[in-house]
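A.B. asks: kindly generate the corresponding structure for this input.
(2 chains)
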Amino acid sequence: MRLSWIFGSSMEAHHLLAAYVAVWLIQGGYAGWIAWQWVRAGKDLQPDLSLNTGEDEEF
Amino acid sequence: MVWLALTVVAILYATRLALVVAPTEATMGNVQRIFYYHVPTSMLSLLFPYVNFVASLFYLGWRRRDPLRALSADAVAIAAAEVTVVFSSLSLLTGMLWGRAAWGIWWTWDARLTSMLLLWLLYVSYLMLRKLSATGQTQTLAAVLSVFAAIDVPIVFMSIRWWRTQHPAPVFFGGPDTGIDPSMRPAFGWNVLGWAMWGFFLLTFRYALERRRQEREQEAALKSIEGSLEIAQ
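C.D. replies: This is a model prediction of the structure:
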């Protein structure tokens, strides 16, 4: 079966295309949002790399 | 990354089977192909609430005895709730797109559709509670809500068995004379596999994100305590 019919003008073609595109967009969008939050949370977790001279420490 | 690559390959193959290889259904025509995405999505939207439910029970059991393990359980719970909302949203959306083409209506208040909408609302409420509540008992309240929300899952599953509905009768586990044509099974089976792999990927990725956030919050809390101790000295 050729796939060209899915881009036709009938209601069933529109709805089938919309259903498949919606699934990909929403699933991909959610995965992308997690990835974005993952990077943001990772940046906040970066260790403090400023030089610690130990001068302000009390023993 | 290997898992993600295998998942994407499985979904692409499953989509090809659904759109190109599977035969056109005799009465509904091509719009029946929505079934290959709608049914796996709906099945998974009834599975992840139980992950949320079990994780919430563990959270409630561990929250006083073992708070660190309880935090892990809570991370699983919120990840499962979010994935439930994603899959149930798509179940409702693809069902409406199919219904408009097959029945001529977008929506009807039959038992299956209504109980599924209720499930969606329950897990959206769960996420809103987690986002907006500032009581200090948010995780406990959410865990209790998830126990009640899980009650709706068997009602959704059984609704087309208990009541006569506009929604089609069960295709699987519906007794004799149910099931799909053998020529449609590969497309259906691969879509179930592919979307289940994707759901597991989302669950673990979202869990890892929540754990990372918890670590960040713990670090911030420790720094705050250290700061207040320095001031006290």
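A.B. asks: who are the packing partners of the longest helix belonging to chain B?
C.D. replies: Secondary structure of chain B per DSSP state H: the longest helix is helix B:185-232. Where contact means 3 or more Cβ pairs under 8 Å, 6 or more residues apart in numbering or on different chains; DSSP states H and E, helix B:185-232 is packed against helix A:11-44, helix B:2-16, helix B:35-62, helix B:67-102. Every C-beta, even on glycine, is put in place using the N, C-alpha and C of the backbone.
A.B. asks: angle of the longest one against helix A:11-44?
C.D. replies: Helix B:67-102 runs at 160 degrees relative to helix A:11-44, counting by axes from the mean of the first three to the mean of the last three Cα atoms, to 10 degrees.
A.B. asks: residue of chain A with the smallest distance to chain B?
C.D. replies: Closest residue of chain A to chain B, Cβ to the nearest Cβ: residue A:12 (3.8 Å).
A.B. asks: want to throw the helices and strands packed on helix B:185-232 into CSV with mean pLDDT, mean neighbour count and distance to residue B:198?
C.D. replies: As requested, these are exported to CSV (pLDDT from 0 to 100; neighbours: other Cβ atoms under 10 Å in any protein chain shown; distance: least, Cβ to Cβ, whole Å):
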stretch, mean pLDDT, mean neighbour count, distance to residue B:198
helix A:11-44, 92, 16, 7
helix B:2-16, 95, 15, 5
helix B:35-62, 95, 21, 9
helix B:67-102, 95, 22, 10
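A.B. asks: can you list the ones you listed in JSON lines and add distance to residue B:162?
C.D. replies: Shown next, in JSON lines, are those (distance: least, Cβ to Cβ, whole Å):
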{"stretch": "helix A:11-44", "distance to residue B:162": "27"}
{"stretch": "helix B:2-16", "distance to residue B:162": "31"}
{"stretch": "helix B:35-62", "distance to residue B:162": "15"}
{"stretch": "helix B:67-102", "distance to residue B:162": "19"}
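A.B. asks: one step back: contacting residues for the residue lying closest to the residue of chain A closest to chain B once chain neighbours are set aside?
C.D. replies: Closest residue to residue A:12 apart from its sequence neighbours, by Cβ to Cβ, 6 or more residues apart in numbering or on different chains: residue B:31 at 3.8 Å. For residue B:31, the contact set (Cβ atoms under 8 Å, 6 or more residues apart in numbering or on different chains) comprises A:12, A:15-16, B:98, B:101-102.
A.B. asks: pLDDT wise, what is residue B:31 at?
C.D. replies: Residue B:31 carries a pLDDT score of 89 in this model.
A.B. asks: surely it is in a helix?
C.D. replies: Yes - counting by DSSP: H, G, I helix; E, B strand; the rest coil, residue B:31 is located in a helix.
A.B. asks: which one of the residues in chain B is closest to chain A?
C.D. replies: Using Cβ to the nearest Cβ, the single residue of chain B nearest to chain A is residue B:31, 3.8 Å away.
A.B. asks: and the longest helix of chain B with helix B:2-16, angle?
C.D. replies: Using the same axes, to 10 degrees: helix B:185-232 against helix B:2-16 is 140 degrees.
A.B. asks: next, the angle helix B:35-62 makes with helix B:185-232.
C.D. replies: Going by the same axes, to 10 degrees, helix B:185-232 makes 30 degrees with helix B:35-62.
A.B. asks: what parts of chain B come near chain A?
C.D. replies: Neighbours of chain A within chain B, by Cβ under 8 Å from any Cβ of the partner chain: B:15, B:19-21, B:24, B:29-31, B:33-34, B:37-38, B:41, B:82, B:86, B:89-90, B:93-94, B:97-98, B:100-101, B:198, B:201-202, B:205-206, B:208-209, B:212-213, B:215-216, B:219.
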